[in-house]
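Engineer: Generate coordinates for the sequence data below:
(one chain, ligands or ions: 1)
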Amino acid sequence: MLVAVAGCVAQAEGEEIQRRAPFVDIVFGPQAYHRLPEMVARVERAGEGAVLDTSFPAEPKFDYLPETGAAPGVSAFLTIQEGCDKFCTFCVVPYTRGAEYSRPGAEIIAEASRLAAGGASEITLLGQNVNAYHGAAPPNGQSGGGAWGLGELIRALARLPRLARIRYTTSHPRDVDDGLVAAHRELPQLMPFLHLPVQSGSDRVLGAMNRRHSVDQYKTTVERLRRARPDLALSSDFIVGYPGETDQDFRATLALVGAVGYAQAFSFKYSPRPGTPAATAVDQVPEPVKTERLAALQALLQQQQRAFNQDCVGRVLPVLFEKPGRHQGQLVGRSPYLQAVHADAPADRIGEIVPVMIRATGPNSLSGDIAGERAA
Ligand code: SF4
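Structural biologist: Numbers count the residues shown, from 1 in each chain. The predicted structure follows:
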């Protein structure tokens, strides 16, 4: 057995990990994934000791990833962008993943075509700051070279005949441009669910976080998106107890949640990341205060999620079946709003988008019957 530690924190803290945990065999950063077989071989060669690879090569690793022969599954992920230039004060990503890099459009379309040909009906485009995408447009495309924004890339992907659903994550409120809003308005393949992190509902805290947008700008962006796609469901990330956050700041976060309404969300207590500006702030919020605030925020978010799911009961939702469910004869898939949906259906319907009458909601999923196959 070999023990390897990989990812952003490994990139930032590689030597410290080796010092504190000498039993770790390999430590490597995100830019070195494509060299993993080589690292394993080095450790296995007797006497070479542990391997540390936190180098940050300029060449894009995507060129080195082999084309997999394995079937991608019904729902596949496709990395289109890496890195971030935003430097939010709590986040380690700009230091560990480097500056924004966007893969060329032609490369992404070729990979998406391969995934679709291999059976993927849904592709989720990935990037740390995915809607800052600005990859090279194919020279023979409509834009005649130059750069594509995310909206243009999605428009090109929507032309792939076998690709029924497109999603993207994670996006930044500042990078929602007109092209992306138009894509939400015009492309039925682009699913009406968007993870749009806001982190805080207080302008003072957003400023301290260096988020580079205000609460009003966030709300305006949400309004633009909802005008374009009225059934758009939103998700977000929240940090409570950021250094210096007052009760008033926290109440502003609750007010923003109340005003926007989320279908789901991720919320966390602030925890310092070594090497980031916020980690050394002197006005850290006491742990019990963070705990109390997180409980209050999560109660509100859970109430909104329950209400959103409850509103789906009695509706017919198109569900892309992905795999067998836990019970015999049951399949599980996703609604357009990314909810897990269980229904009785034969296994040969995996990969199909099937209308499902939603009958009930659980804490994290919906259940129903294939529409028309059982009396209502
Ligand atoms: Fe970039 Fe997101 Fe990290 Fe901010 S939180 S620095 S936008 S990756």
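Engineer: Name the residues of this protein found near the ligand, please.
Structural biologist: Proximity of the chain to the ligand, by Cβ under 6 Å from any ligand atom, involves residues C84, K86, F87, C88, C91, V93, P94, Q128, N129, H172. (Glycine included, C-beta is placed from N, CA and C.)
Engineer: close enough to count as contact, the fourth one and N210?
Structural biologist: Yes - between C88 and N210 a contact is recorded at 5.5 Å, counting by Cβ atoms under 8 Å.
Engineer: my guess is A343 is in a helix, correct?
Structural biologist: No - going by DSSP: H, G, I helix; E, B strand; the rest coil, the assignment for A343 is strand, not a helix.
Engineer: Who are the contact partners of it?
Structural biologist: V319, F321, Q330, L331, G333, V354, V356, S367, G368, D369, I370 (Cβ atoms under 8 Å, 6 or more residues apart in numbering).
Engineer: Which of the residues you listed are buried, as a PyMOL select command?
Structural biologist: PyMOL command restricting the contacts of A343 to the buried ones, with burial defined by 16 or more other Cβ atoms under 10 Å:
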select buried, resi 319+321+331+333+354+356+367+368+369+370
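Engineer: what's the closest of the contacts of A343 to V3?
Structural biologist: Proximity of these to V3 (Cβ to Cβ) peaks at G333, which lies at 35.9 Å.
Engineer: In terms of helix, strand or coil, where does the closest one fall?
Structural biologist: strand.
Engineer: any idea how far it lies from N364?
Structural biologist: As judged by Cβ to Cβ, to the nearest Å, G333 and N364 stand 14 Å apart.
Engineer: if we can go back for a sec, mind putting the contacts of A343 in CSV, secondary structure included?
Structural biologist: Below are those laid out as CSV (three-state DSSP):
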residue, secondary structure
V319, strand
F321, strand
Q330, strand
L331, strand
G333, strand
V354, strand
V356, strand
S367, strand
G368, strand
D369, strand
I370, strand
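Engineer: Filter the residues of the chain next to the ligand down to the buried ones.
Structural biologist: C84, K86, C88, C91, V93, P94, Q128, N129, H172.
Engineer: Can you say which two of these are spatially most distant?
Structural biologist: P94 and H172, at 12.2 Å, using Cβ to Cβ across these.
Engineer: Now list whatever residues contact both of these two.
Structural biologist: K86.
Engineer: low-confidence ranges in the chain?
Structural biologist: 46-49, 55-71, 141-145, 373-376 (pLDDT under 70).
Engineer: That one: helices as residue ranges?
Structural biologist: 8-20, 36-44, 93-96, 105-117, 150-158, 178-186, 203-208, 215-228, 247-260, 287-312 (DSSP state H).
Engineer: Quick one: end-to-end length of stretch 169-182, please.
Structural biologist: 17 Å (Cα to Cα, to the nearest Å).
Engineer: what does that stretch rub up against?
Structural biologist: Contacts of stretch 169-182 (Cβ under 8 Å, 6+ apart): 86, 124-132, 149-152, 154, 194-198, 211-213, 217-218, 221, 224-225, 228, 237.
Engineer: ok now that stretch, how far from the chain's centre?
Structural biologist: 13 Å (Cα atoms, centre = their mean, to the nearest Å).
Engineer: tell me which residues in that stretch are buried?
Structural biologist: So for stretch 169-182, counting by 16+ other Cβ under 10 Å, buried means T169, T170, S171, H172, P173, R174, D175, V176, G179, L180, V181.
Engineer: same question, stretch 348-358
Structural biologist: I350, G351, E352, I353, V354, V356, M357, I358.
Engineer: One more: stretch 182-190?
Structural biologist: A183, H184, L187, Q189, L190.
Engineer: tell me the contacts of the residue lying closest to the fourth one once chain neighbours are set aside?
Structural biologist: Residue nearest to Q189 in three dimensions, not counting chain neighbours: A158, with 4.5 Å by Cβ to Cβ, 6 or more residues apart in numbering. The contact partners of A158, taken as Cβ under 8 Å, 6+ apart, are I166, L187, Q189, L190.
Engineer: and Q284, how far is that from F90?
Structural biologist: 12 Å.
Engineer: Revised request: answer the last question for F250.
Structural biologist: 16 Å.
Engineer: between these two, which one's more packed in?
Structural biologist: Between F250 and F90, counting by other Cβ atoms under 10 Å, F250 is the more crowded of the two (25 against 21).
Engineer: burial count for the closest residue to that one other than its chain neighbours?
Structural biologist: Once flanking residues are discounted, F250 sits nearest to R293: 5.1 Å by Cβ to Cβ, 6+ apart. R293 has 24 neighbouring residues, counting by other Cβ under 10 Å.
Engineer: quick revisit: which of the contacts of A158 sit farthest apart?
Structural biologist: Taking Cβ to Cβ, no two of the contacts of A158 sit farther apart than I166 and L187, at 7.5 Å.
Engineer: who touches both of these two?
Structural biologist: By Cβ under 8 Å, 6+ apart, the residues touching both I166 and L187 are I154, A158.
Engineer: residues in contact with the closest residue to the ligand within the stretch 101-250 of the chain?
Structural biologist: Residue of the stretch 101-250 of the chain nearest the ligand, by Cβ to the nearest ligand atom: Q128 (4.5 Å). Neighbour list for Q128: Q81, E82, G83, C84, V93, R97, T170 [criterion: Cβ under 8 Å, 6+ apart].
Engineer: ok, now which ones touch the fifth one?
Structural biologist: Yep, that's V93 we're talking about. Taking Cβ under 8 Å, 6+ apart as the test, what V93 contacts is C8, G83, C84, Q128.
Engineer: rerun at 10 Å
Structural biologist: V93 is in contact with C8, Q11, P30, E82, G83, C84, K86, F87, Q128, N129, R273, T276, counting by Cβ atoms under 10 Å, 6 or more residues apart in numbering.
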